[in-house]
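Sequence below, structure please.
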Amino acid sequence: MAHTVFCVKLKRELPGLDEPPFDNDLGRKVYDNVSQEAWRMWTEHCKMLLNEYRLNPARREDQEVIVKQLDQFFFGEGSAVPKEYVPPAQK
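Alright, predicted model coming up:
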């Protein structure tokens, strides 16, 4: 049976992730509350953050920034787009 969640981001019942994305409380919270669709939105947002802020996921300080943004994205008021960010032109 597929894992479904009431997605905190999209506010409806949707298929959830196959497993928690991290082996900690936040990973469990994401697993229990975030849909696959919202997770895809996050991964796109995260790529933008990595590029804009030139974050290195291997660095602990940068991981903390990413985790904080992830928490805001799903459970806070939303992850802010960097003020210098210019979205790619839509084709």
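
CA atoms for contacts and neighbours, from now on please.
Will do.

Do you have the helices of this protein handy? List them.
Applying DSSP state H to the chain gives helices spanning 25-33, 36-52, 60-75.

Please list all residues in contact with L70.
For L70, the contact set (C-alpha atoms under 8 Å, 6 or more residues apart in numbering) comprises 42, 79.

actually P20, not the one I wrote
P20 sits in contact with 27-28, 30-31, where contact means C-alpha under 8 Å, 6+ apart.

between those residues, which is nearest L55?
Of all the contacts of P20, L55 sits closest to G27, with 20.6 Å by C-alpha to C-alpha.

re earlier: and the helices of the chain: which comes nearest E13?
Taking C-alpha to C-alpha, helix 25-33 is the member of those nearest to E13, at 9.8 Å.

Pretty sure N56 sits against L50.
Yes. Checked against C-alpha atoms under 8 Å, the pair N56 and L50 is within contact range at 7.0 Å.

got the contacts of P20 as JSON lines, with distance to F74, pLDDT and neighbour count columns?
Converted to JSON lines, the contacts of P20 look like this (distance: C-alpha to C-alpha, whole Å; pLDDT from 0 to 100; neighbours: other C-alpha atoms under 10 Å):
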{"residue": "G27", "distance to F74": "12", "pLDDT": "96", "neighbour count": "14"}
{"residue": "R28", "distance to F74": "13", "pLDDT": "97", "neighbour count": "15"}
{"residue": "V30", "distance to F74": "8", "pLDDT": "97", "neighbour count": "24"}
{"residue": "Y31", "distance to F74": "11", "pLDDT": "98", "neighbour count": "23"}
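
Mind putting these into a markdown table with distance to T43?
Below are the contacts of P20 laid out as a markdown table (distance: C-alpha to C-alpha, whole Å):
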| residue | distance to T43 |
| --- | --- |
| G27 | 14 |
| R28 | 17 |
| V30 | 13 |
| Y31 | 15 |
